[in-house]
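# build the 3D model from these lines:
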Amino acid sequence: MSCETLKIGGGKTDKKRLLIIGIDPGTTSSYAALDTEGKIVRIRSAKELDLKTIIAEVTEQGTPLAVGTDRKNCPAIIQQFSAKTGARIITPEEDLAVHEKIQLTKGAECRNSHEKDALASAITAMKELEPLLKKIGRTLEKRQKTGLKPEVTSLVVKSGISISSALEILAREDRKEAGQPARTTAETAEQRSPDTEKLMQQVKQLEREKRILRINNLKLIKALNRAKAKYRRLANSSKENKEDKTESFRQSAIASLNDKIMKMERAIHETGEEALAAHSILANLNGKAVMKKLDNLGWEEYRAKNRMLNIREGDTILVNNPNEFSERTLNEIKGKMLLICCKQPASRELMQIPGLLLIDASRFSIIQNRLFAAADKTEIDIERARAGENILASIISEYRAERLKQ
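Purely as a prediction, here's the structure:
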């Protein structure tokens, strides 16, 4: 039997409403949702309340911005919620004590300890984000951009970029959309087809990631220049002072700064290469199918990359080493009907696992960066159909063999 407290402001679901979620996992699970003003949107608890149900119910009320827990060590369900919704994870420095939870939830309508724990988790996350949310509000009011508050808040909180950078990204998207020529009725209908719409969303995501990479690259360059200036000051200072202890300290500081400079230069180089690779994928995307990259099919690799890639049903995955896998990952993949494009030949053990759509990556001409790749869409669709036919034939063969035994 479930126990539920429900408070929804405004009567209607608002997809633009950003939510801060607290989750308390267990045999009886609970979640609490707050808006960015700290008002309770919903609290619910029930036995065997699974992640899929929580996500479905939460997203009916708005878009998850952050997810919190009352534990220092983040539970797996919080990580999975973040991976599937893109919400930022917020954890306390230490596990919340019982008296802290009581104080945080004082006056709220909670029907059991599970709901109190979930609400305390959401409130703790809200308190962590509150200074940043207020700063975003003040900045947008000053710039008369309050209409962009949900979009700006989502970019700043989830991506960790500045408010100015978020406004710049949104302004560029608006300029690009405004500058596009009018489409014919036939083109409009094509744009609305599921495959084309999905591809356009992937293009938009790649373009946004490219802009974020460029912004982060500029930040690294500025930090590098500051470090170089500090290095020069210390180097000049060390020449003027010949005292042994001071000289030793300064030489140590110089060596440390030099190491930091080298690391920053490497990071700038790698970020630049990522941006160039992303640009190459975008420039050659016409007629291509986007693939999301994994090093292997181990659970840790899949879970970590899924937070950035948001792997969804029907996606194509480019895997470097498919033979390194876990049962947990394969169950996730089979549930999403993913097409697995293998750079290394799949082992016999993997080929014999039912329900996997496996194809050989060497058949395609692939362009790629660290996270994404692209190949000819027609060729990918043909191979997907063949893989599906092979699975169907295998199922029919097994069924016939079973009938003969009976």
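
# and Pro322, that one's in a strand?
Yes. Assigned with DSSP: H, G, I helix; E, B strand; the rest coil, Pro322 falls within a strand.

# what sits against the nearest residue to it once chain neighbours are set aside?
Among residues not flanking Pro322 along the chain, Cys342 sits closest, at 4.5 Å (Cβ to Cβ, 6 or more residues apart in numbering). Yep, even glycine has a C-beta here, placed from its N, CA and C like the rest. By Cβ atoms under 8 Å, 6 or more residues apart in numbering, the contact set of Cys342 is Val319, Pro322, Leu358, Ile359, Asp360, Ala361.

# run through the stretch 301-406 of the chain and note the low-pLDDT ranges.
Applying pLDDT under 70 to the stretch 301-406 of the chain picks out residues 388, 390-399, 401, 406.

# swap in 80 and give it another go.
Scanning the stretch 301-406 of the chain with the threshold set as pLDDT under 80 gives 307-308, 334-337, 354-355, 367-371, 384-406.

# how much space separates the nearest residue to Phe325 once chain neighbours are set aside from Ser365?
Spatial nearest neighbour of Phe325, excluding adjacent residues (Cβ to Cβ, 6+ apart): Leu297 at 3.5 Å. In this view, Leu297 and Ser365 are 24 Å apart by Cβ to Cβ, to the nearest Å.

# just to revisit the earlier point, what sits opposite the residue nearest to Pro322 in the beta ladder?
Val319, Asp360 (DSSP bridges).

# if we can go back for a sec, of Leu297 and Ser365, who's got more company?
Shown here are Leu297 and Ser365; by other Cβ atoms under 10 Å, Leu297 has more neighbours (25 against 9).

# from what I can see that one touches Asn320, true?
No. Proximity of Leu297 to Asn320 does not meet the contact threshold set by Cβ atoms under 8 Å, at 9.9 Å.

# can you list the buried residues in stretch 345-362?
Within stretch 345-362, the residues scored as buried using 16 or more other Cβ atoms under 10 Å are Ala346, Leu350, Leu356, Leu357, Leu358, Ile359, Ala361.

# which residues does it contact?
318, 322-323, 325, 330, 333-334, 337-343, 383-384, 386-388, 391, 394-395.

# now do 6 Å
For stretch 345-362, the surrounding residues in contact (Cβ atoms under 6 Å, 6 or more residues apart in numbering) are Pro322, Asn323, Lys334, Leu339, Ile340, Cys341, Cys342, Lys343, Glu383, Ala387.

# between the residues you listed, which sits nearest Ala108?
Lys334 (41.2 Å; Cβ to Cβ).

# the helices in this protein, which residues?
Ranges of helices in the chain, per DSSP state H, are 51-61, 76-85, 98-104, 113-142, 149-159, 163-179, 185-191, 194-240, 244-283, 299-309, 327-336, 348-351, 377-405.

# got a markdown table for those, with distance to Ile20 too?
Formatted as a markdown table, the helices of the chain follow (distance: least, Cβ to Cβ, whole Å):
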| stretch | distance to Ile20 |
| --- | --- |
| helix 51-61 | 11 |
| helix 76-85 | 12 |
| helix 98-104 | 13 |
| helix 113-142 | 5 |
| helix 149-159 | 10 |
| helix 163-179 | 18 |
| helix 185-191 | 34 |
| helix 194-240 | 22 |
| helix 244-283 | 30 |
| helix 299-309 | 18 |
| helix 327-336 | 27 |
| helix 348-351 | 41 |
| helix 377-405 | 39 |
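
# which one, of those helices, ends up nearest to Ala289?
Closest among these, using Cβ to Cβ: helix 377-405, at 4.0 Å.

# and for the nearest residue to Lys149 once chain neighbours are set aside, the neighbour number?
Nearest residue to Lys149, sequence neighbours excluded (Cβ to Cβ, 6+ apart): Leu140, at 5.5 Å. A count of nearby residues for Leu140, using other Cβ under 10 Å, gives 18.

# tell me if I'm right that Leu140 and Thr146 touch.
Yes. In this structure, Leu140 is within contact of Thr146 by Cβ atoms under 6 Å, at 5.0 Å.

# where's Leu96 relative to Thr36, distance?
Leu96 is 21 Å from Thr36, by Cβ to Cβ.

# and these two? which has more neighbours close in?
Thr36 (23 against 20).

# report pLDDT for that one.
pLDDT, Thr36: 92.

# for it, give me its contacts.
Neighbouring residues of Thr36 by Cβ under 6 Å, 6+ apart: Leu18, Leu133.
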